[in-house]
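[1] Take a look and give me a structure for this.
(chains A and B)
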Amino acid sequence: MATELHFDCGTLVAPTLPDDARLRALFQKDARTGVHRAAAWRYREVVLRLRELGEPYEDRARRFEPLELGLTVPIEPFPHQREALEAWRQAGSRGLVELPTGAGKTLLAVLAIAQVKRPTLVVVPTLDLMAQWQGVLEKHLGVPVGLLGGGVNDRQPLTVTTYDSATMQTEFHGNCFGLLICDECHHLPAPSYRFIAEGSLAPFRLGLSATMERTDGGERVCEELLGPRVYRADIRELQGRYLAPYEVQRIEVPLQPEEKARYDEARARYVGFVRKNGIALATPEGWARFLAQSQRSDEGRAAYRAYREQRRIALTSSAKLDVLWHLLLKHREDRVLVFTDDNETVYTLARRLLLPVITHHTPVPERKALLAAFASGELPVLLTSRVLNEGVDVPDARVGVVLSGSGSVREHVQRLGRILRQRPGKRALLYEVCSAQTAESGISERRRQHQAYQGGEPC
Amino acid sequence: MLTRDLLLFRVREGRLRPSFIRREDPELLALAQELISQVEGAKGETRDDVEESLSLRAGAFSRPRVARGLVKLLLDRALFDEAAEGVAEVRWERFQLAARVMRGLPPDATVEAYAARLAEALPAPLPEVREALYVDLPGQRRLLGWEALTPTELLDRYNLALAQGPLLGARRLTLRARAPELLRVRKLLRWLKFCRLVAEVRRDGEDWALEVEGPGALLSLQKKYGLQLASFLSVVPVLERWELMAEVEASARRRAVLVLDHRDPLVSPLPTALGHIPPEVATLAEGFADAEWELDLTPLPRHMGASGLCVPDLTFRHRRSGREVALELFHAWHAGPLARRLGELRSRPDPGLLLGVDRALARGEERDALEAHPQVVLFNGFPSARRLRERLARLVEEPVPAGR
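    Reported below is the predicted structural model:
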């Protein structure tokens, strides 16, 4: 009897298996249901082994066939894109490519899809990226591209989805795609996202990221599930050739005396509580401990309110807003992206200055329209909290203003990446506005520990 | 479901127990009634206003976290309208106008000068424009209605949610059902399949033990199936006497065992109907008399093919050898399930299963195949006891297949 392969909720099932130790080692005997079961991502190894053994098999797991696909217009890749594609092909069309933002990862993916010619699922971190990928794929491949996420449920042979949606859907469609592309794949090792790659049969896999580094060693998970790192080029290699040259300016603004007094009082209350309770905020669990402790007493709740107050003062001081206003005026002829840390700040600014906003609340059509108006110069300023951190293509932005933010190095590199798309004669500028003599200046130092900042000029 | 910050439980000696509320607690019933009335009276109000007023009431209650949990369950059942039409278009015009004003400012203009120019150019007062700019944000949507619950039902949902919350972090659960009625087991097994879970089912006398987990749980996958396990819990109270245990995360670093049983105030929100044993089956069970075989209506589940689950209608047990043969009935409206089952039997033969197939399904080309199928018993309306006895007698003469 031929070996049958079935897909069951993100796993690969074989009711019977030939007597081959290597093949059986890929599966586990499932005593609950009496079948042999493996993680779906083992599909490629299983099929290759069955073929190697010459064993007959009936593939009822796979629900995809090769696609007739071609480029609508030939693409002449940059040398680094050609090298990356070739390295990926030689690795069996599996693997990770690390390229800085703006170096053309999306076009590399288009070339990979056209080469593999299989139904493809592209997984991206945000709804903005989902809409952007859809546009790029449709333009270059000339076929309708489906979306899963943001209230849209339209699965097509080429589909773009978000990590959150894919997490929920993989057990249903993990057998429908031959190529899995994980954009910004440094997200994949998160426990809740890993199943996207574990539960997919896709024999071909491509991971894309600007910054694969993770503090928890998660890059090894990417290598196991998507394939080895096959190509890497860092931001300084491509600057000036494929990315715009750039400059980083840091502007420290003092708090007003009244703000400073309120800041000091709130910070003293917050820090006092932390010290009194022996909470080490530098440890991984420190923040969770503070949150839990702060909800158990009036003193704790007051400390939590004080934490928020001192943070709010540091992030939205009146001097900071003055600096922002002057930067907007100075760069009236440019496209300016303004990054803040939270939605409350961004909507406050939007109402005060009548400037457009993109947050996770912004519906997909409005996002598309705002990005198009920004690109054309009709609306030269865009405010955002965190949704534009990753990958969204805003090629005409030349100036970025980080008004507030976390200490995450990745977040800062990605924000820098938004303004680095190459344009003739373009020199990008990233302003980082932070409140002097507050904890925020320490956060700023932390995020500048990336090589991308080592070449920037201090103000 | 309740968010993690709203879950109330105690962990003692490694056992996690939800801090259930009493369903008949007059203070809580009064609060539930008050919250429900507040929601019913809030139709047309914005989400921010509804949330704020409910939160204020919850905060003033003697047990604010319980009250906030009730509010969360109420809001989960609330329906808010879609974004108001035209807001995005008006906003777009405001942005275009503001961009033009900004471009026309002198290089040393202050933000106050900008505001003054805006005020001149706008067709409405600037404060009003600012206020209306993002009036379509989720917090501004208006309450249309909600899935009505009585105060007692709301408290029941709260208790269930308290028990479901820890299960979201579980990988598997163990359920023991004490001498359950067969229809209750059947409902439980059907819900298990509906939740896309699998179970190792053992019978211990009249009791049943189920190890319930996700299909991939035996592999080192990150998927936890917590949502499915939590959903499965909602059918468990259908059993009358039961115990449930599951390893869960009491906190980021501490594991504990969630322990529940039928004495906990858990009520299933599923429809109360248990289905029924068809009268023909009941008649057959009463009238089936055979020296060799005895008939059992217990729904012993069988895993079929790669991922199917069959809950047979009847099981025949050979008195001497103990060999069991299950019978699953396919009536005229079961063409799809029959085709699926035949496919599963091809993938993984199961000689312990007979398929009783209504002759209405054996038409055309399929008739010969079904007539010849060694595991198919064709019938008109319902298989007779005589046909079944004959078929079973033939089985005795056949050797027991290896591995069974």
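[2] do you know how far residue B:89 is from chain A?
    10 Å (CB to the nearest CB, to the nearest Å). Where you see a C-beta, it was placed from the backbone N, CA and C, and this is true even at glycine.
[3] residues near that residue, how many?
    9 (other CB atoms under 10 Å in any protein chain shown).
[4] Residue A:155 too?
    17.
[5] what helix or strand is the spatially most central residue of chain B on?
    Nearest to the geometric centre of chain B sits residue B:231, at 3.4 Å (CA atoms, centre = their mean). Using DSSP states H and E, residue B:231 maps to helix B:226-233.
[6] in that helix, what's buried?
    B:226, B:228, B:229, B:230, B:231, B:232, B:233 (16 or more other CB atoms under 10 Å in any protein chain shown).
[7] nearest residue to the fifth one other than its sequence neighbours?
    Leaving out its chain neighbours, the residue that sits closest to residue B:231 by CB to CB, 6 or more residues apart in numbering or on different chains is residue B:195, at 5.2 Å.
[8] OK, contacts around that neighbour?
    Residue B:195 is in contact with B:228, B:229, B:231, B:232, counting by CB atoms under 8 Å, 6 or more residues apart in numbering or on different chains.
[9] That one and residue B:236: what is the separation?
    Note on residue B:195: its distance to residue B:236, by CB to CB, to the nearest Å, is 11 Å.
[10] which is the next helix or strand following the strand or helix carrying residue A:38?
    For residue A:38, the host element (DSSP H and E) is strand A:35-39. Per DSSP H and E, the first helix or strand lying C-terminal to strand A:35-39 is helix A:43-53.
[11] Taking strand A:35-39 as reference, get the angle to that next one.
    120 degrees (axes from the mean of the first three to the mean of the last three CA atoms, to 10 degrees).
[12] The nearest residue to residue A:10 once chain neighbours are set aside: neighbour count?
    Among residues not flanking residue A:10 along the chain, residue A:199 sits closest, at 2.8 Å (CB to CB, 6+ apart). As a burial measure, residue A:199 scores 29 neighbours (other CB under 10 Å).
[13] Same question for residue B:35.
    Neighbours of residue B:35 using other CB under 10 Å come to 22.
[14] gap between it and residue A:4?
    In terms of CB to CB, residue B:35 sits 54 Å off from residue A:4.
[15] Give me the lowest-pLDDT entry from the buried residues of helix B:226-233.
    Within the set of the buried residues of helix B:226-233, pLDDT is lowest for residue B:226 (89).
[16] returning to what we had before: give me phi/psi at the residue nearest to residue A:10?
    Backbone torsions for residue A:199, taken as degrees, to the nearest 10, come to phi -90, psi 10.
[17] Touching, it and residue A:41? I think so.
    Yes: Residue A:199 is in contact with residue A:41 according to CB atoms under 8 Å; the separation is 7.5 Å.
[18] Before we move on, what's the pLDDT of the residue nearest to residue A:161 when sequence neighbours are not counted?
    In this structure, residue A:161 finds its nearest non-sequential neighbour in residue A:148, 3.9 Å apart by CB to CB, 6+ apart. We have a pLDDT of 91 for residue A:148.
[19] swap in residue A:216?
    Residue A:216 carries a pLDDT score of 66 in this model.
[20] Setting the sequence-adjacent residues aside, check what's closest to residue 225.
    Since you didn't name a chain, this refers to chain A. residue A:197 (3.8 Å).
[21] The intended chain is chain B.
    residue B:214 (3.1 Å).
[22] Kindly report the same for residue B:98.
    Using CB to CB, 6+ apart, the closest residue to residue B:98 is residue A:354 (3.7 Å).
[23] hang on, isn't that neighbour packed against residue B:121?
    No: using CB under 8 Å, residue A:354 is not in contact with residue B:121; the gap is 10.3 Å.
[24] Settle it for me: which of these two has more neighbours?
    Using other CB under 10 Å as the criterion, residue A:354 and residue B:121 rank with residue A:354 on top: 24 against 13.
[25] Next, the contact list for that one, please.
    B:94, B:95, B:97, B:98, B:118, B:129, B:130, B:133.
[26] again with residue B:314
    B:281, B:284, B:285, B:295, B:296, B:297, B:326, B:327.
[27] pretty sure residue A:19 is in a helix, no?
    No: according to DSSP: H, G, I helix; E, B strand; the rest coil, residue A:19 belongs to no helix; its state is coil.
[28] which stretches of the stretch 101-250 of chain B form helices?
    If DSSP state H, counting those that start in this stretch is used as the criterion, the helices of the stretch 101-250 of chain B fall at B:111-121, B:126-132, B:151-167, B:182-194, B:226-233.
[29] what about the second one and chain A, any contact?
    Yes: Helix B:126-132 reaches chain A (CB under 8 Å from any CB of the partner chain) through B:129, B:130, B:131.
[30] Filter those down to the buried ones.
    The neighbour count (16+ other CB under 10 Å) marks B:129, B:130 as buried among the residues of helix B:126-132 next to chain A.
[31] Would you agree residue B:310 is in contact with residue B:355?
    No: the criterion here is CB under 8 Å, and residue B:310 misses it with residue B:355 at 9.7 Å.
[32] Which residues are in contact with each of these two?
    With CB under 8 Å, 6+ apart, residue B:310 and residue B:355 have common neighbours B:328, B:341.
[33] Can you get me a residue count around residue 338?
    You didn't pick a chain, so chain A it is. 25.
[34] was after chain B, sorry
    With other CB under 10 Å as criterion, residue B:338 counts 20.
[35] Tell me, how many residues neighbour residue B:1?
    Around residue B:1 there are 17 other residues, counting by other CB under 10 Å.
[36] cool, the one 10 residues further on as well?
    Residue B:11 has 16 neighbours, counted by other CB under 10 Å.
[37] One more: residue B:365?
    Look at residue B:365: counted by other CB under 10 Å, it has 7 neighbours.
[38] Please report how far it lies from residue B:182.
    For residue B:365 relative to residue B:182 (CB to CB), the value is 37 Å.
[39] Among the contacts of residue A:354, which one sits closest to residue B:69?
    residue B:133 (34.3 Å; CB to CB).
[40] Verify the stated contact: the closest one with residue A:348.
    No: the criterion here is CB under 8 Å, and residue B:133 misses it with residue A:348 at 11.2 Å.
[41] Report the inter-axis angle for the helix or strand where residue A:349 lies versus helix B:111-121.
    Using DSSP H and E, residue A:349 sits in helix A:343-353. Here the directions of helix A:343-353 and helix B:111-121 differ by 60 degrees (the same axes, to 10 degrees).
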